[in-house]
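Engineer: Everything below, folded, please.
(one chain, ligands or ions: 1)
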Amino acid sequence: MSCSYSSKRAAGIFLLRNNEKKKTTMMMKMMRDFEASASSPTLTKSHSCRFYSSPAKNESASSSSSSLQHHFEKELPVDFEKKGTGGRSSYSGITAAVFGSTGFLGRYVVNHLAKNGSRVLVPTRCSENHRQHLKPMGDLGQIVQFDYSMRDDEAIKYAVERANVVINMVGREWETRNFSFEDVHRDFPRRLAEACKESSSVKRLIHVSALGADVNAKSKYYRTKAEGDEEVRRIFPRATIVKPAKLIGVEDRFLNVFAEHASKFPFVPLTGLGESKHQPVSVDDVAIAISQMPYDEETVGKEYVLAGEKTFTMEELAKLTVDAGRFRSARVAYIPKFVYKLLSAPHEFLLNRVPFPLPTPKGLTRSFVDAQDADYVKKPNELGFKELGMTPAKMDGITIDYLRSYRSGGYLTNPLAKKENFHEEARVPLR
Ligand SMILES: NC(=O)c1ccc[n+]([C@@H]2O[C@H](COP(=O)([O-])OP(=O)(O)OC[C@H]3O[C@@H](n4cnc5c(N)ncnc54)[C@H](OP(=O)(O)O)[C@@H]3O)[C@@H](O)[C@H]2O)c1
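Structural biologist: Now for the predicted structure:
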């Protein structure tokens, strides 16, 4: 009995050890494959882009009534080795290091990359809880998360050297105790561009700036964004710079702010007369454009301004939000700019003078108030969605999708069922 027990135990231990050994060998092989394919993507010109074929060749795509035709006009040269049919479980040939993936735009970009079978390296500075939603976007093991700090050159290199595409979406609309606008918008893009330049694997760098970035802008946010763009262009001339207009979506910090105010207060405060002009754009459209760029050699070294087709003033947007949310009692209130500046002054003054972090006054910073003096409209000569073969979604029809949760009984009544509210063309298609 004891003999059979000990022999069984020995056999068990042997099996366990054998399994462990197998597992380790498999893991080492996977790591080797991963590193090899990331660091030395083979050039196979015969591989053509299968994910975004021309609608002429794709009946179902061309028959779609969607206003968004996310395709390129022609078959594009793909520089990367691809495996499989182009779905989630295949390999697109792209191993992308995505910085700023935990942000509003970042999660959409990761989703679009991952669902086409790209490997996505996700350097973050947050806890597992704040980044775990990214994992299921890709196939098992395709979303690789690790910690980094934007001041740690080694950590930046670690990510960059394992990727053939690098996407930077790091940005912040306010300064914090630890990070100034210069740190986030100028110095980090410079470090990243330098790491890309030194890396032998990186073929594409896509840097996300903002419509309105200008070294002479009154707002520090836009000034530092422009400085960052210049650094990136100087160090990595092949970089593609993307300048989105104000992003709208379920989690936006634009229409949601109006809706928050309208739901809590009897008025929606506007800076000055709310005359600043914007061309809000769907976050998903921008994410699609960014995730397609690695396939298109024509986008190398260029700058794209991604803006919605219609121009609105801040006042119009505030009223549109009030209407969409059916906030019957809410009115738009025009607050003089100097009042805003007075309210933001204590935060500006105390930010780096007190030995603890201060709460973030979203929308109540000097930079935000200064930004209201300019218009954010795409110039006709700038490249945009059209050159990428895309038509952005119309905003009129999609705002209600984002703001429904603010409506009383918003999910119980379906306004889209009413004929007069049904904007078929403007609905965001399922992708
Ligand atoms: N949202 C818009 O309307 C809009 C319009 C035009 C341009 N843009 C630009 O588009 C990009 C993405 O915008 P977004 O709305 O997605 O921004 P977001 O939601 O604020 O996300 C920004 C990302 O940057 C990261 N980040 C910020 N400061 C950092 C720091 N000090 N160290 C490490 N990571 C840091 C954030 O990480 P944590 O999650 O850890 O904070 C987050 O992943 C930004 O460059 C933004 O300036 C945005």
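Engineer: Only C-alpha atoms from now on, for both contacts and neighbour counts.
Structural biologist: Fine.
Engineer: give the contact list for D139.
Structural biologist: Taking Cα atoms under 8 Å, 6 or more residues apart in numbering, we find D139 in contact with R88, S89, A114, K115, G117.
Engineer: Report the separation between it and S149.
Structural biologist: The gap separating D139 from S149 is 26 Å, by Cα to Cα, to the nearest Å.
Engineer: ok, now T360?
Structural biologist: Going from T360 to S149 by Cα to Cα gives 21 Å.
Engineer: Give me the nearest residue to the residue most central in space within the chain, chain neighbours excluded.
Structural biologist: Note on the chain: the residue nearest the mean C-alpha position is L105, at 2.4 Å, using Cα atoms, centre = their mean. The shortest distance from L105 to any non-neighbouring residue, by Cα to Cα, 6 or more residues apart in numbering, is to V283 (6.2 Å).
Engineer: same deal with L364?
Structural biologist: Once flanking residues are discounted, L364 sits nearest to S344: 5.5 Å by Cα to Cα, 6+ apart.
Engineer: Number of residues surrounding that neighbour?
Structural biologist: Using other Cα atoms under 10 Å, S344 is surrounded by 19 other residues.
Engineer: Now name the helix or strand holding it.
Structural biologist: Assigned by DSSP states H and E, S344 belongs to helix 337-350.
Engineer: what's the following helix or strand after that helix?
Structural biologist: Using DSSP H and E, the first helix or strand after helix 337-350 is helix 366-371.
Engineer: close to the ligand, is that following helix?
Structural biologist: No - Helix 366-371 stays clear of the ligand (Cα under 6 Å from any ligand atom), getting no nearer than 12.2 Å.
Engineer: average pLDDT for that helix?
Structural biologist: For helix 366-371, mean pLDDT rounds to 93.
Engineer: I'd like to know which elements it is packed against.
Structural biologist: In terms of contacts (3 or more Cα pairs under 8 Å, 6 or more residues apart in numbering; DSSP states H and E), helix 366-371 is packed against helix 220-235, helix 337-350.
Engineer: pull the CA atoms of it into CSV?
Structural biologist: Only the C-alpha atoms of helix 366-371 are listed here, as CSV (Å, rounded to 0.1, in the frame of the first residue of the first chain):
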residue,chain,number,x,y,z
ARG,A,366,-6.3,79.9,-16.2
SER,A,367,-5.3,77.9,-19.2
PHE,A,368,-8.9,76.9,-19.8
VAL,A,369,-10.2,80.5,-19.5
ASP,A,370,-7.4,81.7,-21.8
ALA,A,371,-8.3,79.0,-24.3
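Engineer: Buried residues of that helix, list them for me.
Structural biologist: R366, S367, F368, V369, D370, A371 (16 or more other Cα atoms under 10 Å).
Engineer: centre of the chain versus that helix, how much separation?
Structural biologist: Distance of helix 366-371 from the chain centroid (Cα atoms, centre = their mean, to the nearest Å) equals 23 Å.
Engineer: now swap in stretch 278-294 and tell me
Structural biologist: Distance, centroid of stretch 278-294 to centroid of chain: 8 Å (Cα atoms, centre = their mean).
Engineer: Is it in proximity to the ligand?
Structural biologist: No - figure legend: stretch 278-294 not in contact with the ligand (Cα under 6 Å from any ligand atom); closest approach 8.1 Å.
Engineer: Show residues contacting that stretch.
Structural biologist: Counting by Cα under 8 Å, 6+ apart, 70, 105-106, 108-109, 112-113, 165, 204, 206, 242, 244-249, 299, 306-314, 375-378, 385, 388, 390, 392-393, 395 sit against stretch 278-294.
Engineer: That stretch: end-to-end distance?
Structural biologist: Start-to-end, stretch 278-294 (Cα to Cα) is 28 Å.
Engineer: So for that stretch, mean pLDDT?
Structural biologist: On average, stretch 278-294 scores 96.
Engineer: Looking at the contacts of stretch 278-294, which are in strands?
Structural biologist: The strands, defined by DSSP state E, take in V165, R204, I206, V242, P244, L247, I248, L306, F312, T313 from the contacts of stretch 278-294.
Engineer: Could you single out the nearest of those residues to N256?
Structural biologist: For the ones in strands among the contacts of stretch 278-294, the minimum distance to N256 (Cα to Cα) is 8.8 Å, reached by I248.
Engineer: Can you tell me the closest non-neighbouring residue to that closest one?
Structural biologist: Using Cα to Cα, 6+ apart, the closest residue to I248 is S282 (5.0 Å).
Engineer: Having no further points to raise, I will conclude here.
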